[in-house]
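Student: any chance you can model this:
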Amino acid sequence: MSGGPRRAGDADAGGIGVAIDGAGRTGHAGLRMEYPLRGVPELLLGQILLALAVLFLATYLTAAALSKLRIPGILGALLVAMAAHGTPLARLLSEPAVAPVVEFLGNLAVLFLLFFIGLQIDVREMRSSSRDVALLTVLNTVPPFLLGTAAALVTGYGWVVAFVVGLTRMPTAEAVIVPILDEFGLIRTRVGRFIVGTGVLDDVIEVFLIAFVSVWIGERTATSAAAQGLVENEILRIALGAIAFVAAAWIAHRFLLRRLAGWLPRRPRNLVLLSMIVLFGAGG
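Tutor: Next up, the predicted model:
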């Protein structure tokens, strides 16, 4: 190791790290080695990739075993994740230097999952059964929400806490339902369209309800006129942001994406690239 003083930009992982000089450039310092990812040394990154490979292999093998029993393979991921608790793999992925990387990968997986769900939705078919989907959404959200809110009020909690408890009673679990429907070839059937359509509409409702509850809590905890003014500005920002997002999505679908798709030959790699642009643009 270098005998000089440690700099603020230095990072360690088993004796290997990144040395950053005053100009922000990376360089060698003893056993320290240069790596372009700030704060993630090469040895640590290799350990992350190896740990993920082991988890993915265990998930793959578990899903293969479950499929022989006609059990959805998605349960393999859940079983492996539960079994990984308390193991060296879980401790590695929970370290402060590793957790942000794992969190980023998890958020990226959620984006891809939601994108996959959107690809399975045929707007014209959903429009033909919109009345049934709306009815199922009401039955799926309103009774659990009212029962959860009432139970919290009966046990002595205030309206804010009761409202939050009611929201937690409205899960849809798209991450589990959609892979199961796709595995059994049911996602494009009438039943599958009802389940996916109800879940999507339920998610939209929950997003707005959560935003409303967050603003409501901020308003009740505001103790000054300036704080209340910030809450009102936040309400306006959320409403305008939602309107702008819907308008931008409609304009992109109506005028931009079809033209962009025609600029290059319609090959899988070109369509995948355009899809990634849409996915990351909407997610950002």
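
Student: quickly find the element holding the spatially most central residue of the chain.
Tutor: Nearest to the mean C-alpha position of the chain, by Cα atoms, centre = their mean, lies Val110 at 3.5 Å. Here Val110 sits within helix 99-119, counting by DSSP states H and E.

Student: quick one: buried residues of that helix?
Tutor: Val101, Val102, Leu114, Phe115, Ile117 (16 or more other Cβ atoms under 10 Å). In this view, the C-beta of every residue, glycine as well, is placed from N, C-alpha and C.

Student: what is the end-to-end distance of stretch 167-183?
Tutor: 29 Å (Cα to Cα, to the nearest Å).

Student: what does it contact?
Tutor: 72-74, 78, 110, 113-114, 116-117, 120, 140-141, 144-145, 147-148, 187, 192, 195-196, 198-200, 202-203, 206, 209-210, 213 (Cβ atoms under 8 Å, 6 or more residues apart in numbering).

Student: quick one: that stretch to chain centroid distance?
Tutor: 13 Å (Cα atoms, centre = their mean, to the nearest Å).

Student: flag every buried residue along it.
Tutor: Leu167, Arg169, Met170, Thr172, Glu174, Ile177, Val178, Pro179, Ile180, Leu181, Asp182.

Student: can you list those residues in JSON lines and add distance to Trp263?
Tutor: Listed next are these as JSON lines, based on distance: Cβ to Cβ, whole Å:
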{"residue": "Leu167", "distance to Trp263": "44"}
{"residue": "Arg169", "distance to Trp263": "47"}
{"residue": "Met170", "distance to Trp263": "42"}
{"residue": "Thr172", "distance to Trp263": "37"}
{"residue": "Glu174", "distance to Trp263": "33"}
{"residue": "Ile177", "distance to Trp263": "36"}
{"residue": "Val178", "distance to Trp263": "31"}
{"residue": "Pro179", "distance to Trp263": "33"}
{"residue": "Ile180", "distance to Trp263": "37"}
{"residue": "Leu181", "distance to Trp263": "34"}
{"residue": "Asp182", "distance to Trp263": "31"}
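
Student: just the mean pLDDT for the helix or strand harbouring Ala239, thanks.
Tutor: Assigned by DSSP H and E, Ala239 belongs to helix 225-251. When pLDDT is averaged over helix 225-251, the result is 74.

Student: what's it packed up against?
Tutor: helix 190-221 (3 or more Cβ pairs under 8 Å, 6 or more residues apart in numbering; DSSP states H and E).

Student: any weak-confidence spans in this structure?
Tutor: Within the chain, the segments meeting pLDDT under 70 span 1-43, 120, 172, 218-232, 284.

Student: quick check: which element contains the nearest residue to the residue nearest to the centre of the chain once chain neighbours are set aside?
Tutor: Closest residue to Val110 apart from its sequence neighbours, by Cβ to Cβ, 6 or more residues apart in numbering: Ala175 at 7.6 Å. Following DSSP H and E, one finds Ala175 within helix 174-183.

Student: now the angle between helix 99-119 and that helix, please.
Tutor: 50 degrees (axes from the mean of the first three to the mean of the last three Cα atoms, to 10 degrees).

Student: contacting residues for the closest residue to Ile205 other than its chain neighbours?
Tutor: In this structure, Ile205 finds its nearest non-sequential neighbour in Thr141, 6.2 Å apart by Cβ to Cβ, 6+ apart. Each residue near Thr141 by Cβ under 8 Å, 6+ apart is listed here: Met170, Asp202, Ile205, Glu206.

Student: ok, so of those, who is nearest Val246?
Tutor: Checking these against Val246 by Cβ to Cβ gives Ile205 as the nearest, at 14.5 Å.
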